[in-house]
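Asker: Using only what follows, build the 3D model:
(chains A and B)
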Protein chains: 2
Amino acid sequence: MSTVWNSRYALRTLRVKGSTIRELLKLTQRPEIISFGGGLPAPEVFPVKRFEEACHTVLEEHGAEALQYGATEGYEPLREMIAQSMGRYGIVARSENVLITTGSQQALDLIAKLLIDSGDRVLVEAPTYLGALQAFSLYGAQYIPVPLDNDGLCTDQLDKALRLRPKFMYILPNFQNPAGVTLSEERRQELVFLADRYGVPIIEDDPYGQLRYEGEHLPPLVVIDHKTFRRYNELTAGNVLYLSTFSKTLAPGIRLAWIVAPSELISRLVLLKQAADLHTATFNQMVAYEVAKNGFLDQHVKLIRQVYRERRDAMLSALEEFFPSEVTWTRPQGGLFLWATMPEGADCRSMFRSALAENVAFVPGDCFYANDAPEGCRHMRLNFSFSEPQQIREGIRRLSIAVKMQVHRAKRGSLELAGR
Amino acid sequence: MSTVWNSRYALRTLRVKGSTIRELLKLTQRPEIISFGGGLPAPEVFPVKRFEEACHTVLEEHGAEALQYGATEGYEPLREMIAQSMGRYGIVARSENVLITTGSQQALDLIAKLLIDSGDRVLVEAPTYLGALQAFSLYGAQYIPVPLDNDGLCTDQLDKALRLRPKFMYILPNFQNPAGVTLSEERRQELVFLADRYGVPIIEDDPYGQLRYEGEHLPPLVVIDHKTFRRYNELTAGNVLYLSTFSKTLAPGIRLAWIVAPSELISRLVLLKQAADLHTATFNQMVAYEVAKNGFLDQHVKLIRQVYRERRDAMLSALEEFFPSEVTWTRPQGGLFLWATMPEGADCRSMFRSALAENVAFVPGDCFYANDAPEGCRHMRLNFSFSEPQQIREGIRRLSIAVKMQVHRAKRGSLELAGR
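Answerer: Predicted structure coming up:
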């Protein structure tokens, strides 16, 4: 054993959980398994041909630049394109407000590096994105979880939570991961207002914003912040840092995402990014620019919406058809996930094992709670983007077998409890 | 001003220096400047055509896989290829001993995350790679600098330094950045022996190892460690963690590097990498594999050696021709850099400015010292890989003007000092 190393691990490594979700997902890679577990985009919609052409063009025309070291901030035309695309949300951003990151996960890591001293509190939704918890926890974050309902974060509980003086809030307003719910416009206003009143900044993570299948697009928090407080100074001031990504609209395998923020913050993050990986791959940035340009990305997103809407609908009908009435679920207007809730007393961990026996997989809800909240065990996250509609129906049918067993057990459990 | 953010920066951000080298290098981007400042590979030797073919093959044959999320550890065939290639150094490694990283800079960040608690000491060469100091400092590292001479780290000073109980040592044995010197075989033995005796592990950073232009290849520290202490158990034990990269042999713009280590350590680093960027771009890993395979990389490295040897020789002759006798320089057997030393009293910072006026640039030596050692000001790092031979000659001619002025000033300064 490599004892010379063991004794030398930094204290922060004790905070790294052995990512149970990772271990669970490894079990789901057998081909006979229908997996609602991961958060994978549908590979059928990857614009492979367009990527091929883009690689060809970039290497033919700018080979030396594409394969060379690049600026930490990112490839200038891509930054400009992203800054400009924020205009659709009513945000006036310039390239100096944009930092290209190696996926959104790196954005979360850099933000944690910038803001979290060990012991600092972070206000998070309960449940929330697991990867954010992993990134923040490594820097010693403590959590203030605020529950969600069908309209997103329960803002009526914010006032109390903000008195606990979090360093920042981490919010996924659109088609939340894992819960699939969307923060209502009224609550967005309230959240932004309270953030300003308490002087607590917001990290707005919006990987799925463009993947809306019904209803009206709601303004991002960063826009409401700007409009409410008349921060017209081109993002040089502002209480909200906005994250998005190409992972769900182009492809995750190129690891490209971005942060939009006041330029002073971007300069700080650039220094941290330089120490983290120097810069994001020049080649990937130039290829993504070439793929996305001339309106291709917008066209392509329409196709994705169509495919995913169909899959969401397939999952909703299958749930209606096969799941017992004791189980409820969210009805996401977009994104990749829905969130099912079992009756009290159910244990999604043990259900995960019986589901695997039926060759179907999901992620048990407890993975998504900051403070190991026991209510997590009643939930499951179901991904509907990865499998085709007929597979989804079959998967939900299989899953319903495990679900019914578990509902039965939970009922028996509560009867026994009542009988005592 | 975004005051809501300013007041919330983590303490560690105070440790981030505004990277003077970065600011300096920005000044060197005017086209009329011949820059010996950066550490850029020659773009003329990038295998652009081979990359084009590889992109085509990967997207045609494995498009869906290449654009999808991948395993944090890395693309399995690439890990195997790297594990196998370690065999040329006499290392028996398996893919489980290899972690693919988003450039070597990420490897340094992950290692710092794994090993450094704030206040821990790290033994480094003086001078050493600036990017390592940046990565380590963010986690609160203190430094124990040990000087270099023409045979690399002065191992006669190691015993004393190791008594200060560093958490680990960070060593660049081949064609060191910035000094261009190579650790002699005898000193390698001594270093590995002392590391074992004191129980202090070694991070061996070897980005340039394959770029040797003369002399015999020397065994890496990791090999000496294995052989000396009969650690035959396929890298499951070992006192040395080995880093290398494709940045200097294929292209830096794809951001691909790796760590070779005991598998238990790799598992730990995987958890940290997952929180840092989920995984390195699948597409890049598959393309690099396709480019490197069937012996192409070895062939290509021969070409690079030839081109860089010529450039190194051009710089050495130009230095001989133009520089005054008061200045000395290292004669690197490989790599990208040489290190020139001015007489006492010279100030490379002010020389940097007069060199810019002559349209030539270098990096002042003080950037590469952990504890702002004043001796840094006498040195300059000169890169010879990026410019063509005739440019190198012209650049050194221009630089010699600034050098002579500075030598003159230094002499006058020491005369004045003597006269007092």
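
Asker: which element is residue A:395 on?
Answerer: Using DSSP states H and E, residue A:395 sits in helix A:389-419.

Asker: sorry, that was for residue A:243
Answerer: Taking DSSP H and E as the criterion, residue A:243 maps to strand A:240-245.

Asker: Help me see whether the next helix or strand after that strand makes contact with chain B, please.
Answerer: The helix or strand immediately downstream of strand A:240-245 is strand A:257-260, counting by DSSP H and E. No. With Cβ under 8 Å from any Cβ of the partner chain as the criterion, chain B is not reached by strand A:257-260; the gap is at least 9.6 Å. Placement of C-beta: from N, CA and C, glycine included.

Asker: Can you report phi and psi for whichever residue of the stretch 301-420 of chain A sits closest to chain B?
Answerer: For the stretch 301-420 of chain A and chain B, the shortest gap (Cβ to the nearest Cβ) falls at residue A:386, measuring 9.7 Å. Backbone geometry at residue A:386, expressed as degrees, to the nearest 10, gives phi -80, psi -40.

Asker: neighbours around it, how many?
Answerer: Applying other Cβ atoms under 10 Å in any protein chain shown, we find 22 residues neighbouring residue A:386.

Asker: Leaving out the residues flanking it, which one is nearest to it?
Answerer: In space, and not counting its chain neighbours, residue A:386 is closest to residue A:40: 4.5 Å by Cβ to Cβ, 6 or more residues apart in numbering or on different chains.

Asker: What of residue A:206?
Answerer: Closest residue in space to residue A:206, ignoring its immediate chain neighbours: residue A:244 at 5.0 Å, by Cβ to Cβ, 6+ apart.

Asker: Now residue A:375. Nearest residue, chain neighbours left out?
Answerer: residue A:369 (7.5 Å).

Asker: Residue A:46 too?
Answerer: Nearest to residue A:46 is residue B:67, by Cβ to Cβ, 6+ apart, at 4.4 Å.

Asker: show me the contacts for that neighbour.
Answerer: Going by Cβ atoms under 8 Å, 6 or more residues apart in numbering or on different chains, residue B:67 touches A:43, A:46, A:48, A:51, A:251, A:252, A:253, A:254, B:282, B:283.

Asker: Might one say that the first one is in contact with residue B:68?
Answerer: Yes. With contact defined as Cβ atoms under 8 Å, residue A:43 reaches residue B:68; the gap is 5.7 Å.

Asker: Mind checking which of these two has more residues around it?
Answerer: Higher neighbour count among residue A:43 and residue B:68: residue B:68, with 20 against 16, using other Cβ under 10 Å.

Asker: if I look at that one, how far off is chain A?
Answerer: Distance, residue B:68 to chain A, using Cβ to the nearest Cβ, to the nearest Å: 5 Å.

Asker: so who does that residue touch?
Answerer: A:40, A:41, A:43, A:46, A:251, A:252, A:253, B:282 are the contacts of residue B:68 under Cβ under 8 Å, 6+ apart.

Asker: Go again with 6 Å.
Answerer: A:43, A:253 (Cβ atoms under 6 Å, 6 or more residues apart in numbering or on different chains).

Asker: The one 4 residues further on too?
Answerer: Residues in contact with residue B:72 (Cβ under 6 Å, 6+ apart) are B:270, B:273, B:274, B:279.

Asker: make it 8 Å
Answerer: B:270, B:273, B:274, B:278, B:279.

Asker: Am I right that the second one is in contact with residue B:109?
Answerer: No. Look at residue B:273 against residue B:109 with Cβ under 8 Å: they stay out of range, at 9.4 Å.

Asker: Secondary structure element holding residue A:124?
Answerer: Using DSSP H and E, residue A:124 falls within strand A:121-126.

Asker: ok, then the element right after that strand?
Answerer: For strand A:121-126, the following helix or strand on the C-terminal side (DSSP H and E) is helix A:130-137.
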